[in-house]
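Chemist: Here is my input; please provide its structure:
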Amino acid sequence: MTFRVFVDADIILDLLLSRQPFLSAARALFLLIQKKGIEGYTSPLILSNLFYILRKGSSGPQAVSALRRMRLILRALPMDERTVDLALASSFTDLEDAFQYYAAVDQNLDALITRNKKDYRSSELPVLNAEEFVTLYRSQGH
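Modeler: Sure, this is the predicted structure:
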């Protein structure tokens, strides 16, 4: 069985910006995705937000290059009117989190990987940080 997971912006930034103490867990997650045991997904909204953040610390072309490399690893989930309507009708306090969540649910993903677990308290999907997910994945003999 291939796990299909949504990777939130904070985890991607941990990897791209080498943020400690989260880098090793993010790196382990992305290595598992690259080895094809896990399918990793994110959203177009996250890619846009990442561009904005990365561009502040480097040039626009460098930010685009980093995102192109990331797209070789992660797939972008579709977001449509249904996703928007579900997010707008939800009890999420952060609309961006609602968009991510309903895009992941719509595509029947297995888990959402984020460090902002508190933002997904009412999630029907398992919500784990990168370290928790990697530990769980490895404990299941993968």
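Chemist: all strands for the protein, in order.
Modeler: 3-7, 38-42, 74-76, 111-113, 127-128 (DSSP state E).
Chemist: List the buried residues in the second one.
Modeler: Neighbour-count burial for strand 38-42, counted by 16 or more other Cβ atoms under 10 Å, picks out Ile38, Gly40, Tyr41, Thr42. No exception for glycine: its C-beta is placed from N, CA and C like everyone else's.
Chemist: Greatest separation within those: which pair is it?
Modeler: Distance extremes for the buried residues of strand 38-42: the farthest pair is Ile38 and Thr42 at 13.1 Å, using Cβ to Cβ.
Chemist: before we move on, back to that, tabulate the buried residues of strand 38-42 (CSV), appending pLDDT and distance to Ser65.
Modeler: Conversion of the buried residues of strand 38-42 to CSV gives the following (pLDDT from 0 to 100; distance: Cβ to Cβ, whole Å):
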residue, pLDDT, distance to Ser65
Ile38, 93, 24
Gly40, 97, 19
Tyr41, 98, 21
Thr42, 97, 17
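Chemist: With distance to Thr93 added, can I get those in TSV?
Modeler: Below are the buried residues of strand 38-42 laid out as TSV (distance: Cβ to Cβ, whole Å):
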residue	distance to Thr93
Ile38	29
Gly40	26
Tyr41	23
Thr42	21
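Chemist: Just give me the closest of these to Tyr137.
Modeler: Ile38 (7.0 Å).
Chemist: ok, and what's touching the helix ranked longest in the chain?
Modeler: Secondary structure of the chain per DSSP state H: the longest helix is helix 44-57. Contact with helix 44-57 is made by 8-9, 12-13, 16-17, 60, 62-64, 66-67, 70-71, 76-77, 79, 96, 99-100, as judged by Cβ atoms under 8 Å, 6 or more residues apart in numbering.
Chemist: Now, of those residues, which are buried?
Modeler: Buried members of the contacts of helix 44-57, counted by 16+ other Cβ under 10 Å: 8-9, 12-13, 16, 63, 66-67, 70, 77, 79, 96, 99-100.
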